[in-house]
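Peer 1: here is a sequence together with a model predicted from it:
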Amino acid sequence: MSSDTSRAIGLAIRLDGIGVRFSPSTEELGVLHELTLEIAPGSFVALIGPNGCGKSTLLLVIAGLLQPASGSVLVGDRRPSPGDARVGLAFQQPRLMPWRSILDNVSMPLEIAGVPAAERRGRAGIALERVGLASAAALRPGQLSGGMAQRAALARALVLDPPVLLLDEPFSALDALTRETFNAELERLWLDRRCTIVLVTHSVSEAVALADRVVVMSPRPGRVVRSVEVGIGRPRTPELLGGPNAADRASEVREALAAARPLELRPWAEGVTA
Amino acid sequence: MKRLATAALSLAVFLLIWKAAVVIGGYPDYILPAPEAVLERGLRAIASGVLWEHTAATLAEVVLGFVVGASVAVAVGTALGKSVFIERALSPYIVAAQAVPILALAPLLDIWFGGGLLARVAICALIVFFPIAIATMVGIRSADPLLAEMLRSLGATTAQRTRLLEIPSALPVIFGGLRVGVTLAVIGAVVAEWAGARTGLGVLVLIANQGLFDTALMFVALATLATIGLVFYGLVVFVERRVVPQ
């Protein structure tokens, strides 16, 4: 692994006994139940699990946007608060403002944080360069392809240079070829500047291709059922990802997913697709 | 250029039908004057300065009434859109004020506001207020909840959310309200003048119709009112094209 500690800006994430419920009824177990997870600073963790297992909810908890009913959350040594500048969040949809240029969309976190206008342009420009979108700065979101729009959303999440980056299936709406390019680029971005990344995904191969560790969650109420260390070198070339190591890790994750699946769902989903 | 040609052609056809109606119907001047008679009467009214005197008064009412009414409406509409409590508390009064015919309300407002320009601006502003306030409320609520969540994740304050998301989302709808409102401003000015004024195109209509039995002059006043409405509507559309993206 080519880890350069001087570039490591990531913070540790500590989740202890997290419980989240959307209805106050005590009979229902809720969305998350007694979830405990530690994420090392500067590591890349993928969260995988069936639909509705609370993966996205967990991201909201880490971002400080949702107060858990029980348990404690620490990002670094502090509890995250709503709008925590230490945490960047990218959603499944790009969520760009259609009336603003790409540059103005990307600079919005700076605007909200009260950064002076002159400085905003420069920093947003750098973020756009990092995702390879510098030439699209003046365009409107409506003029971008889905993939470019997601890049812009990623640039917006990166513009404050957060020590923690939370990605909620940001590439799920893209076609398979674009996704592969994106995965490689995301890895390059992360190797360049080691923030802590938590990536929510439905794709076993994507999780194995990107993460240091794949965390498998159970169906609702979500808990951690297995944590698979991927242990493949970086950068993850197509050769490495085509090798036996990657295949073994992927089947380990699939087994954990299958074991955690409730009985009534099993016949549907033999052989989870990647 | 093509648009201009279409407008000119449409005006020519309109005048032709008008002239044909006068000729075929054989109407006397006091019922339907011919277009050239109206034009001739208009030129005389311009030359004597009468038309400008009344037009200036009405223009002042329309502009001030629209600006005041629209500004208050956007502010109130924003509050209505952002708070269900404020909407529940205020909307019965707003709807009730709208449901009472402005014609019935105008004499009262004329007394309250001292019968001068201020009273006419108030009447005009009141009639302009409703469509713009409602449009603003609807527009503010049309903001995309996903974008609102994104802003929350960035720690935006309520004021920032209003400025960055809700107002821009509402703009196309607000401009719909402004288009309706600006034409109502002309109606408001005339109604206000009827409630008690000595100058204005509404007054000129009354003088021409009931005092002088000069139907051609009345047509001149009506045509001027229509032109004011068209010009201001065009101005709103012009601003809209520059302010609202796409």
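Peer 2: Alright, I've got the coordinates.
Peer 1: how close does whichever residue of chain A sits closest to chain B get to A:Gly233?
Peer 2: For chain A and chain B, the shortest gap (CB to the nearest CB) falls at A:Gly83, measuring 1.8 Å. Yep, even glycine has a C-beta here, placed from its N, CA and C like the rest. Note on A:Gly83: its distance to A:Gly233, by CB to CB, to the nearest Å, is 37 Å.
Peer 1: neighbour count: these two, which is higher?
Peer 2: A:Gly83 (20 against 10; other CB atoms under 10 Å in any protein chain shown).
Peer 1: contact partners for the nearest residue to the more buried one once chain neighbours are set aside?
Peer 2: Nearest residue to A:Gly83 in three dimensions, chain neighbours excluded: B:Gly155, at 1.8 Å (CB to CB, 6 or more residues apart in numbering or on different chains). If you count contacts by CB atoms under 8 Å, 6 or more residues apart in numbering or on different chains, B:Gly155 has them with A:82-85, A:112-113.
Peer 1: cutoff 7 Å now
Peer 2: Taking CB atoms under 7 Å, 6 or more residues apart in numbering or on different chains, we find B:Gly155 in contact with A:82-83, A:112.
Peer 1: just give me the least confident of those residues.
Peer 2: Lowest-confidence member of these: A:Gly83, scoring 85 (pLDDT).
Peer 1: and the helix or strand where B:Leu11 lies, which residues are buried?
Peer 2: Following DSSP states H and E, one finds B:Leu11 within helix B:2-25. Judged by neighbour count using 16 or more other CB atoms under 10 Å in any protein chain shown, the buried positions of helix B:2-25 are B:Val22.
Peer 1: restrict that helix to CA atoms and write it as PDB.
Peer 2: The C-alpha atoms that make up helix B:2-25 are tabulated as PDB, following Å, rounded to 0.1, in the frame of the first residue of the first chain:
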ATOM      1  CA  LYS B   2     -41.100  38.400 -38.100                       C
ATOM      2  CA  ARG B   3     -42.800  39.000 -34.800                       C
ATOM      3  CA  LEU B   4     -43.200  42.700 -35.600                       C
ATOM      4  CA  ALA B   5     -44.700  41.800 -39.000                       C
ATOM      5  CA  THR B   6     -47.200  39.500 -37.400                       C
ATOM      6  CA  ALA B   7     -48.200  42.100 -34.900                       C
ATOM      7  CA  ALA B   8     -48.600  44.700 -37.600                       C
ATOM      8  CA  LEU B   9     -50.700  42.400 -39.700                       C
ATOM      9  CA  SER B  10     -52.900  41.400 -36.800                       C
ATOM     10  CA  LEU B  11     -53.500  45.200 -36.000                       C
ATOM     11  CA  ALA B  12     -54.300  45.900 -39.700                       C
ATOM     12  CA  VAL B  13     -56.900  43.000 -39.700                       C
ATOM     13  CA  PHE B  14     -58.400  44.300 -36.400                       C
ATOM     14  CA  LEU B  15     -58.800  47.800 -37.800                       C
ATOM     15  CA  LEU B  16     -60.300  46.500 -41.000                       C
ATOM     16  CA  ILE B  17     -62.900  44.500 -39.100                       C
ATOM     17  CA  TRP B  18     -63.700  47.500 -37.000                       C
ATOM     18  CA  LYS B  19     -64.100  49.800 -40.000                       C
ATOM     19  CA  ALA B  20     -66.200  47.100 -41.800                       C
ATOM     20  CA  ALA B  21     -68.500  46.900 -38.700                       C
ATOM     21  CA  VAL B  22     -69.000  50.700 -38.800                       C
ATOM     22  CA  VAL B  23     -69.700  50.800 -42.500                       C
ATOM     23  CA  ILE B  24     -71.900  47.700 -42.700                       C
ATOM     24  CA  GLY B  25     -73.700  48.300 -39.400                       C
END
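Peer 1: what's the first helix or strand after it?
Peer 2: Next along from helix B:2-25, by DSSP H and E: helix B:35-48.
Peer 1: state the mean pLDDT of that next one.
Peer 2: 92.
Peer 1: and for stretch A:225-239?
Peer 2: Per-residue scores along stretch A:225-239 average to 89.
Peer 1: how far does it sit from the chain's center?
Peer 2: 16 Å (CA atoms, centre = their mean, to the nearest Å).
Peer 1: cool, stretch B:235-243 as well?
Peer 2: 15 Å.
Peer 1: cool, and stretch B:161-178?
Peer 2: 20 Å.
Peer 1: kindly report the same for stretch A:92-102.
Peer 2: In terms of CA atoms, centre = their mean, the centre of stretch A:92-102 is found 19 Å from the chain centre.
Peer 1: before we move on, what about stretch B:233-246?
Peer 2: Per CA atoms, centre = their mean, the centroid offset for stretch B:233-246 relative to its chain is 16 Å.
Peer 1: rewinding a little: which of the three states applies to the residue of chain A closest to chain B?
Peer 2: Of the three states, A:Gly83 takes coil under DSSP: H, G, I helix; E, B strand; the rest coil.
Peer 1: which residues touch it?
Peer 2: A:Gly83 is in contact with B:152-155, counting by CB under 7 Å, 6+ apart.
Peer 1: now A:Val115: how far from A:Asp104?
Peer 2: With CB to CB as the criterion, A:Val115 and A:Asp104 are 13 Å apart.
Peer 1: ugh, wrong one, B:Gly211
Peer 2: 60 Å.
Peer 1: of those two, who's got more company?
Peer 2: A:Asp104 (18 against 9).
Peer 1: in the sheet, which residues pair with A:Arg78? Tell me.
Peer 2: Beta-bridge pairing of A:Arg78 under DSSP bridges involves A:Val75.
Peer 1: next up, phi/psi of A:Pro235, please.
Peer 2: phi -70, psi 150 (degrees, to the nearest 10).
Peer 1: that one against A:Glu187, yeah?
Peer 2: Yes. A:Pro235 is within contact range of A:Glu187, at 5.9 Å (criterion: CB atoms under 7 Å).
Peer 1: so which of the two has more stuff around it?
Peer 2: More crowded of A:Pro235 and A:Glu187, by other CB under 10 Å: A:Glu187, with 18 against 12.
Peer 1: could you grab the helix/strand/coil label for that one?
Peer 2: A:Glu187 ends up helix, using three-state DSSP.
Peer 1: thinking again about what came up before, pick the one among the contacts of A:Gly83 closest to chain A.
Peer 2: Looking across those and measuring by CB to the nearest CB, the closest to chain A is B:Gly155, at 1.8 Å.
Peer 1: tell me the pLDDT of the closest one.
Peer 2: 91.
Peer 1: which SS class is it?
Peer 2: coil.
Peer 1: one more: A:Arg151?
Peer 2: For A:Arg151, the assignment made with three-state DSSP gives helix.
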